[in-house]
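S.K.: Got a sequence here, can you model it:
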Amino acid sequence: MSSPRTCIRKVTKFLGQISDEGTFYISKRRGGHQRLVAFYGGQKRSFTVPSPAANCQCQKSLEDEVNRFVSSLPLGRYPKFNL
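M.R.: Below is the predicted model of the structure:
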């Protein structure tokens, strides 16, 4: 089982790879959660990931959330995220 930081790092790398070139950045929210912001297909979207202190035993849930987010993007093809 991966650590919470590893899970977040993989999500960050994946969303950075599918974003429009040069538009990906990370902002920190007040609650400690990271917000991954980028343009996808010309549309600005953001994804909030749990803080590293959160229990990452719900890896399947995180995979489902990322894949649901990707399916809502205006992309020609929808890559699948796996932890």
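S.K.: Go ahead and name everything in contact with the helix or strand containing residue 44.
M.R.: Assigned by DSSP states H and E, residue 44 falls within strand 43-49. For strand 43-49, contacts defined as CB atoms under 8 Å, 6 or more residues apart in numbering pick out 8, 11-12, 15, 23, 29, 33-39, 62, 66, 69, 72-74. In this view, the C-beta of every residue, glycine as well, is placed from N, C-alpha and C.
S.K.: try 6 Å this time
M.R.: Contacts to strand 43-49, defined as CB atoms under 6 Å, 6 or more residues apart in numbering, come from residues 8, 11, 33-37, 69, 74.
S.K.: Quick check, central residue of this structure?
M.R.: Closest residue to the average C-alpha location of the chain: residue 11 at 4.4 Å, with CA atoms, centre = their mean.
S.K.: Phi first, then psi, for it.
M.R.: Dihedral angles of residue 11 (phi, psi; degrees, to the nearest 10) stand at phi -60, psi -40.
S.K.: all numbers from here: first residue = 44
M.R.: Okay, using 44 as the starting number, the last item reads as residue 54.
S.K.: Contact partners for it?
M.R.: The contact partners of residue 54, by CB under 6 Å, 6+ apart, come to 92, 109.
S.K.: Swap in 7 Å and give it another go.
M.R.: Shown in contact with residue 54 (CB atoms under 7 Å, 6 or more residues apart in numbering): 92, 105, 109.
S.K.: Give me the distance between it and residue 85.
M.R.: Taking CB to CB, to the nearest Å as the measure, residue 54 falls 22 Å from residue 85.
S.K.: how about low-confidence regions in this structure?
M.R.: Residues of the chain meeting the criterion pLDDT under 70: 44-45, 94-101.
S.K.: Regarding residue 51, which helix or strand does it belong to?
M.R.: Per DSSP H and E: helix 47-61 holds residue 51.
S.K.: Enumerate the positions of that helix that are buried.
M.R.: Residues of helix 47-61 classed as buried by neighbour count (16 or more other CB atoms under 10 Å): 47, 50-51, 53-55, 57-58, 61.
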